[in-house]
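*Asks:* Structural data only, the sequence is not supplied:
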């Protein structure tokens, strides 16, 4: 667990809930009533990322947002590898524990492949799919492969663990307007020291190491989820996940797709355009 940090109830006005998975204690929130939506974060964020979207939707939806093990308020268990396959297994346990049926998934960044891997195994229970600034196929992009190799190097791993590089550098670079200090403090506070950042450090390696899982998703997402109602919300100024190659791939995957472009948003779309995203979800699934 992360006992050193307590979220500000004004910024994060939700009740914390806990699930004892097979690998460790998982923190999540479960707000509102109605059709369930499962919100899946990426790196180096946690359920806090979705706070404004959940606040806007919980009158109409049951909003569930999880912190993966090693992120947010969840445990950092010894012996857990923090790989994508392990995160998928634990999140699947939570979905089954909650008995979610007729649920919509939303994933951004690593939340895309994680949510899709959980969904393909439970396709008969999935109502729809929301994806934003993400992917679910093996990365062939040269810049992404270089990013993975550089961030996996010893100097950068040290910077991620000891200088909180992902929070201090990538969140400001990936947002349209620099988040307020109180918001940044919630990303800092959730991973206060090197021991709390191991999960963050593993995920850049997974861009290449998770290739077998991503190859499977590239086949199974179109086959099992391709006919589901889908929504893509895309920050058009994201330099990491450019719309040019990604959105056409989404269009060929999902036959019933609505694309909503967020013209000024960068990578962390939940910080940059929460109202637009919430409205798009309402329009598509409300």
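*Replies:* Great, that's in hand. In this text, all values refer to a predicted model and were calculated from it rather than measured experimentally. Numbers count the residues shown, from 1 in each chain.
*Asks:* Show the average pLDDT along the helix or strand where residue 281 lies.
*Replies:* Element membership of residue 281 [criterion: DSSP states H and E] is helix 274-285. Averaging pLDDT along helix 274-285 gives 98.
*Asks:* tell me the centre residue of this structure?
*Replies:* residue 41 (2.0 Å; CA atoms, centre = their mean).
*Asks:* Ramachandran coordinates for that one?
*Replies:* phi -90, psi 180 (degrees, to the nearest 10).
*Asks:* Ok, residue 29 next?
*Replies:* Torsion angles, degrees, to the nearest 10, at residue 29: phi -120, psi 150.
*Asks:* cool, and residue 211?
*Replies:* phi -50, psi -40.
*Asks:* so what's the residue nearest to the centre of the chain up against?
*Replies:* 47, 49-50, 65-68, 71-72, 108-111 (CB atoms under 8 Å, 6 or more residues apart in numbering). C-beta here means a position set from N, CA and C on the backbone, and glycine is covered the same way.
*Asks:* Residue 107 now?
*Replies:* Residue 107 makes contact with 40, 42, 113, 114, 115, 116, 130, 131, 132, 134, according to CB under 8 Å, 6+ apart.
*Asks:* Could I get the contacting residues of the last one?
*Replies:* Residue 134 makes contacts with 42, 107, 108, 109, 110, 111, 112, 113, 241, 246, as judged by CB under 8 Å, 6+ apart.
*Asks:* Of the residues you listed, just say which sits nearest to residue 271.
*Replies:* Closest approach to residue 271 among the contacts of residue 134 (CB to CB): residue 108, at 10.5 Å.
*Asks:* Now do the SS call for residue 118.
*Replies:* helix (DSSP: H, G, I helix; E, B strand; the rest coil).
*Asks:* on that earlier part again, between the contacts of residue 107, which sits nearest residue 263?
*Replies:* Using CB to CB, residue 132 is the member of the contacts of residue 107 that sits closest to residue 263, with 13.8 Å.
*Asks:* Could I get the buried residue list for stretch 195-207?
*Replies:* Residues 196, 197, 198, 199, 200, 201, 202, 203, 204, 205, 206, 207 are the ones in stretch 195-207 that count as buried (16 or more other CB atoms under 10 Å).
*Asks:* which residues of the chain fall in helices?
*Replies:* 51-57, 84-98, 111-120, 142-151, 154-163, 165, 171-173, 181-189, 198-209, 211-225, 243-253, 269-272, 274-285 (DSSP state H).
*Asks:* most packed of those helices?
*Replies:* helix 111-120 (a mean of 27; mean count of other CB atoms under 10 Å).
*Asks:* Pull the contacting residues for the nearest residue to residue 20 once chain neighbours are set aside.
*Replies:* Leaving out its chain neighbours, the residue that sits closest to residue 20 by CB to CB, 6 or more residues apart in numbering is residue 26, at 7.8 Å. Counting by CB under 8 Å, 6+ apart, residue 26 touches 18, 19, 20, 66, 67, 68, 69, 74, 75, 90, 94.
*Asks:* If anything else comes up later, I'll come back, but that's it for now.
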